[in-house]
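**Student:** Need the 3D shape of this:
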Amino acid sequence: MAEVLIVKDQQEAGGIVGRAIADLIAAKPDAVLGLATGSTPLRVYEALAGIVAAEGLDVSHVRGFALDEYVGLPVGHPESYRAVITREVVEPLGLDPARVLVPGENATSIQTAGEDYEAAIAAAGGVDLQILGIGRTGHIGFNEPGSSLASRTRVKTLTEPTRIDNARFFDSPDDVPVHCITQGIGTILEARHVFLLAFGDAKADAVAAALEGPVTASSPGSAVQLHRHATVVVDEAAAAHLKLSDYYRYALAHKPDWQGL
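**Tutor:** The predicted structure is shown next:
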């Protein structure tokens, strides 16, 4: 069972996860981070940037792997995940841009992009800490319902609900790409520690299905139930449909300090 932290708001969640990442970097200066984009992890990156600045944390050797990327956007497009990662993570944290990779950008071809990215992650020693959000459809990364739980990095077709959700970042819904390249669920499960974050009542059904429903490809987020070290951080609204919320609070209140997150 994943550890579930029910917090009051995104600010509190950002502080908790940002601190965990900072502690990892302090203990392992060449830590490998799995980086999600979108609105969900923004407070995490803001909190981490504050800690890096306040504590003078050396991040020059930190490596990062973006979770996914659109296919078909022109180089430099402001909503490409390369641009987003640069704007929201690399620059605020002061990371070395050459150490932060995005799926597909250095691939020999789109046909081999997934294999190339898998090889790069393996060469880095694997991901130490992966940040995840979850979509209304239950997707993690761009692994839409029906994705194999053993899937690897590959090109996928986005569902219409996901394209509609992401249309707010574009001038028109028609501008949202139909295809993407994403780390697979099997790839994600190999990270040594996974943080799944969700906020707002629109995510409540997906969160309940992921944490308390059956493990199934129809609910990609349910794969976190298989992970050996998964921490789920949700606000009250996103936790509203969890049947075991009282137990999650009780378990956290009685958790030995030495166990950490």
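
**Student:** Any idea which residue is closest to the centre of this protein?
**Tutor:** Leu132 (2.2 Å; Cα atoms, centre = their mean).

**Student:** That one bridge partners, please.
**Tutor:** For Leu132, the beta-bridge partners are Leu196 (DSSP bridges).

**Student:** For Phe170, see how far away it is.
**Tutor:** Note on Leu132: its distance to Phe170, by Cβ to Cβ, to the nearest Å, is 23 Å. Where C-beta positions appear, they are placed from N, C-alpha and C, glycine not excepted.

**Student:** Thought Val194 was touching His229, still the case?
**Tutor:** Yes: under the criterion of Cβ atoms under 8 Å, His229 makes contact with Val194 at 7.0 Å.

**Student:** quick one: which of those two has more around it?
**Tutor:** Val194 (24 against 13; other Cβ atoms under 10 Å).

**Student:** Pull out the buried residues from stretch 217-228.
**Tutor:** Buried positions in stretch 217-228, judged by neighbour count with 16 or more other Cβ atoms under 10 Å: Ala217, Ser219, Pro220, Gly221, Ser222, Ala223, Val224, Gln225, His227.

**Student:** so, if you compare these, which one comes nearest to Asp201?
**Tutor:** Nearest to Asp201 out of the buried residues of stretch 217-228 is Gly221 (Cβ to Cβ; 16.4 Å).

**Student:** mind listing what that closest one touches?
**Tutor:** With contacts defined as Cβ atoms under 8 Å, 6 or more residues apart in numbering, the neighbours of Gly221 are Ile134, Gly138, His139, Ile140, Leu196, Ala206, Val207, Ala209, Ala210.
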